[in-house]
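In: return atomic coordinates for the entry below.
(2 chains)
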Amino acid sequence: MPLERSQLAESSAEPGQPQPYLWRMNFGPQHPAMHTTLRLILTLDGERIVDAVPDIGYLHCGFEKLGESLDYNQYVVVTDRMNYLSSPANNVAWHEAVERLLGIQPPRRCQYLRVIAAELARISDHLLCIGAMGLDTGAYTHFMYAFNPRERIYDIFEALCGARFTTSYTRVGGLCRDASPKAIQMIRDFCRDFPKVLRDIHLLMDRNRIFVDRTKGIGVLSKEEAINRGCSGPVARASGVTRDLRKDEPYLCYRDFDFQVCCATEGDCFARYRVRLAEMEESLKIIQQAIENLPSGPVNLDPGYRIVLPEKQAVYQTIEGLITHFEILMPNRGFRAPCEEIYVATEAPNGELGFYIVGQGNYVAYRARCRPPSFIHYGLMPHLIRGHMISDIVAVLGSLNIIAGELDR
Amino acid sequence: MELQGLIESLQRDFPSLSWSEFRGQVRAWVSRDRLFPLLKTLKEQHGFDMLADITCVDYLYYQEKKPARFGLVYVLTNTQTNQRLVVRTFLDEPDLVAPSATPLWEAANWLEREVWDMFGIRFAGHPDLRRILLPEDFASHPLRKDYPLQGLGERNNFPIIRRAES
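Out: Model prediction:
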């Protein structure tokens, strides 16, 4: 395979000819304002953007190919690396899809704990998004205010599953471990303190002249465009699409909780910021309801299903436990997924995170397609920034919250 | 309208249409030449206004016999009634061309580019069918089942730049 110069790299000027009126400029992939490895090739009229061509794939790691050789429990480690700001939400999405394929449902306590982890991840993701958006548009203090509670969310993840960043929290039919009383107390403390942070952010940002001037009316997306371009999550809801998979296609135990879908109608960067802030309040409400009504009982599916490994105590002290343990782990005896295909989507912090899984009668997926929200949203970039100034790119990019790990997989 | 009833009413116009259901999800199979008219009808007359996903499955080593090697998957969503419909079509070598859905949904643009990149299926009428995730000079389509997990040695072609040269 010969390496050739990319067409995209060529300048619009012919050699020896005078520079044409429109300039070509590279934005990224290594640029401090392009948070991850994203690249835009801009055509500029002075400082105004005439056209933009996104060039992605700098972080492509072949996650979907890996999903065809790792089993349903092992692949959860790879889903951590997709949207690494909110890994529990990806874990939940993956195992929700696998469990739907297998036709099982985890116990109530597991569902509640998954909801808590996913909603904490949503808060963490939104905090980073609006924090970095403020950082890019000249509100540095706000960034620090947003990062403090994220640290506490990481502490909670550490108490829940032992890892702070790449959590791998879920298993097929259960969780890697039950929540300890200390972790539950930490979540309660977080729920008590977090409203103050939200209040601070509102005070810092809502009437911040620079921030509002740089985000209001920038990157406007209409409702029809949002639906036609496949947007989901806060980006679509900021444009007036009242679609939230937690309400519209309830999964886990979201039916039990009282919360609202947050929408705006303006569709600009400021509306996306407001929707994210409002969603954090709703997530907090869900966590509070879930932690106060946390059911007792087992966190994993009954060992009789031969899906979840039995407790270590049972493995060491009872013959049935030992047999079950080995039967699940032996390659020809473990649980089997049917030869069927299913698309399951969940509401991840960025939008609709879907998995299309093809089972092949054993414990490895034949195809593990991931439908990442960032991929769809980055396709919007040229549409949103056309006609704006170069400095508006970072505001639009911050409001879309593109995560390259998820974009390129 | 229930999805099963909708598909049965569509079968008058689309005789090749068949459907199945798995865990509440309805899948409709259609032949390739009727794919675009079906998508157009579903979008314009039955309110499936959002295209959630386009993907492809390579059935080369699949246990069950399938009518062709590649199966395209379109996940359509109705944002008013929150119904989902999965539209499937089969493609076989050497004629790996499908009609592009970009005239109907702008979202199809990048999704079809990804299918071309990973599976080598061309979309007729696509405005900008380039590779999207892999480099432009990449020769194979890695999500096909005959592409090995270790790759075909593409990484050895990159020049190694020492610190002094950089």
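
In: low-confidence stretches in chain B?
Out: Using pLDDT under 70 as the threshold, the predicted model of chain B has low-confidence ranges B:1.

In: could you rerun that using 90?
Out: For chain B, the stretches flagged by pLDDT under 90 are B:1-25, B:32-34, B:44-47, B:60-61, B:63-68, B:79-83, B:92-96, B:125-132, B:134-140, B:149-166.

In: for chain B, give the residue positioned nearest to chain A.
Out: B:A107 (3.0 Å; CB to the nearest CB). C-beta: built from backbone N, CA, C; applies to glycine.

In: can you give me the helices for chain B?
Out: Read by DSSP state H, chain B holds these helices, from start to end of the chain: B:3-10, B:35-46, B:108-119.

In: just the angle between the last one and helix B:35-46, please?
Out: Translated: helix B:108-119. In this structure, helix B:108-119 runs at an angle of 150 degrees to helix B:35-46, with axes from the mean of the first three to the mean of the last three CA atoms, to 10 degrees as the basis.

In: pLDDT wise, what is A:V53 at?
Out: Per-residue confidence (pLDDT) for A:V53: 89.

In: distance of it from A:R39?
Out: A:V53 sits 9 Å away from A:R39 when distances are taken as CB to CB, to the nearest Å.

In: between the two, who's got more neighbours?
Out: Between A:V53 and A:R39, counted using other CB atoms under 10 Å in any protein chain shown, the more crowded position is A:R39 (18 against 15).

In: okay, helices next: where are they in the stretch 1-150 of chain A?
Out: For the stretch 1-150 of chain A, the helices identified by DSSP state H, counting those that start in this stretch occupy A:63-66, A:76-80, A:87-102, A:108-136, A:140-161, in order along the chain.

In: of all the ones you listed, which one is nearest B:D128?
Out: Smallest distance to B:D128 across the helices of the stretch 1-150 of chain A (CB to CB): 22.4 Å, for helix A:63-66.

In: what sits against the closest residue to chain B within the stretch 151-300 of chain A?
Out: Going by CB to the nearest CB, chain B is nearest to A:G230 of the stretch 151-300 of chain A, at 3.0 Å. When the contact criterion is CB atoms under 8 Å, 6 or more residues apart in numbering or on different chains, the partners of A:G230 are A:376, B:50-52, B:105-107, B:111.

In: for it, give me phi and psi.
Out: With angles defined as degrees, to the nearest 10, A:G230 sits at phi 80, psi 20.

In: with the one 3 residues further on instead?
Out: For A:G233, the backbone dihedrals are phi 70, psi -150 (criterion: degrees, to the nearest 10).

In: just to check, it is in contact with A:N350?
Out: Yes. A contact is recorded between A:G233 and A:N350 when judged using CB atoms under 8 Å, the distance being 5.2 Å.

In: any shared contact partners between the two?
Out: Overlap of the contact sets of A:G233 and A:N350 (by CB under 8 Å, 6+ apart) consists of A:P373.

In: now mean pLDDT and distance to chain B too, for the helices of the stretch 1-150 of chain A, in TSV please.
Out: As requested, the helices of the stretch 1-150 of chain A are exported to TSV (pLDDT from 0 to 100; distance: least, CB to the nearest CB, whole Å):
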stretch	mean pLDDT	distance to chain B
helix A:63-66	91	6
helix A:76-80	92	13
helix A:87-102	92	6
helix A:108-136	91	18
helix A:140-161	90	28
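
In: what segments of the stretch 301-409 of chain A are strands?
Out: Taking DSSP state E, counting those that start in this stretch as the criterion, the stretch 301-409 of chain A contains strands spanning A:341-348, A:351-359, A:365-371.

In: tell me which strands the longest one pairs with, and in which orientation.
Out: So that's strand A:351-359. Each strand paired with strand A:351-359, and its direction, by DSSP bridges: strand A:341-348 (antiparallel), strand A:365-371 (antiparallel).

In: skip the chain neighbours and tell me the closest residue to residue 119.
Out: Reading this off chain A. With sequence-adjacent residues excluded and distances taken as CB to CB, 6 or more residues apart in numbering or on different chains, A:E119 is closest to A:S283, at 4.3 Å.

In: was after chain B, sorry
Out: Sequence neighbours aside, B:C56 is the residue nearest to B:F119 in space, at 4.6 Å (criterion: CB to CB, 6+ apart).

In: which residues touch A:V315?
Out: By CB under 8 Å, 6+ apart, A:V315 lies in contact with A:309, A:321-322, A:324-325.

In: and those, which is closest to chain B?
Out: When the contacts of A:V315 are ranked by distance to chain B (CB to the nearest CB), A:L309 comes first, at 24.9 Å.

In: okay, the closest one and A:F147: tell me how far apart.
Out: Here the distance between A:L309 and A:F147 works out to 37 Å (CB to CB).

In: which one's more surrounded, those two?
Out: A:L309 (19 against 14).

In: any idea how far the more buried one lies from A:G321?
Out: 9 Å.

In: and the strands in chain B, which stretches?
Out: Taking DSSP state E as the criterion, chain B carries its strands at B:18-22, B:25-29, B:50-58, B:70-77, B:84-91, B:97-99, B:122-124.

In: circling back to that earlier point, between the strands of the stretch 301-409 of chain A, which one is closest to A:Y58.
Out: That would be, of those and by CB to CB, strand A:365-371, which comes in at 17.8 Å.

In: re the thing from before, widest-spaced pair of the contacts of A:V315?
Out: Of all pairs drawn from those, the widest gap by CB to CB lies between A:L309 and A:L322 and measures 11.3 Å.

In: could you pull out the buried residues of the helix or strand that contains A:R192?
Out: A:R192 belongs to helix A:181-205 when assigned by DSSP states H and E. Buried residues in helix A:181-205, defined by neighbour count with 16 or more other CB atoms under 10 Å in any protein chain shown: A:183-184, A:186-187, A:190-191, A:194, A:197-198, A:200-201, A:204-205.

In: any chance of those residues in TSV, plus pLDDT?
Out: Converted to TSV, the buried residues of helix A:181-205 look like this (pLDDT from 0 to 100):
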residue	pLDDT
A:A183	92
A:I184	93
A:M186	93
A:I187	93
A:F190	93
A:C191	92
A:F194	92
A:V197	90
A:L198	91
A:D200	90
A:I201	89
A:L204	88
A:M205	87
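
In: who are the contact partners of B:L133?
Out: Contacts here follow CB under 8 Å, 6+ apart; on that basis B:L133 touches A:56-57, A:60, A:408-409, B:114, B:117-118.

In: tally of neighbours for A:F27?
Out: 21.

In: isn't it up against A:T43?
Out: No. Using CB under 8 Å as the test, A:F27 is too far from A:T43 to be in contact (11.2 Å).

In: over to A:T170: give its phi and psi.
Out: Note on A:T170: backbone dihedrals following degrees, to the nearest 10 are phi -100, psi 160.

In: now for it, how many residues are close by?
Out: Residue crowding around A:T170 was assessed by other CB under 10 Å; the count is 29.

In: is it in a bridge, and if so with what?
Out: A:T170 has the following beta-bridge partners by DSSP bridges: A:L175.

In: I figured it was touching A:A97, is that so?
Out: No. Taking CB under 8 Å as the definition, A:T170 is not a contact partner of A:A97, at 11.2 Å.

In: okay, stretch A:230-247 in PDB with CA atoms only?
Out: Written as PDB, here are the backbone C-alpha positions of stretch A:230-247 (Å, rounded to 0.1, in the frame of the first residue of the first chain):
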ATOM      1  CA  GLY A 230     -30.500  12.100  12.900                       C
ATOM      2  CA  CYS A 231     -29.700  14.300  16.000                       C
ATOM      3  CA  SER A 232     -30.600  13.000  19.400                       C
ATOM      4  CA  GLY A 233     -30.000  13.800  23.000                       C
ATOM      5  CA  PRO A 234     -29.400  17.400  24.200                       C
ATOM      6  CA  VAL A 235     -28.600  18.600  20.700                       C
ATOM      7  CA  ALA A 236     -32.000  17.600  19.400                       C
ATOM      8  CA  ARG A 237     -33.800  18.700  22.500                       C
ATOM      9  CA  ALA A 238     -32.300  22.100  22.300                       C
ATOM     10  CA  SER A 239     -33.900  22.400  18.900                       C
ATOM     11  CA  GLY A 240     -37.300  21.500  20.200                       C
ATOM     12  CA  VAL A 241     -37.400  17.800  19.500                       C
ATOM     13  CA  THR A 242     -39.200  16.300  22.500                       C
ATOM     14  CA  ARG A 243     -37.500  13.000  22.300                       C
ATOM     15  CA  ASP A 244     -35.900  11.200  25.300                       C
ATOM     16  CA  LEU A 245     -35.500   7.500  25.100                       C
ATOM     17  CA  ARG A 246     -35.800   7.200  28.900                       C
ATOM     18  CA  LYS A 247     -39.400   8.300  28.400                       C
END
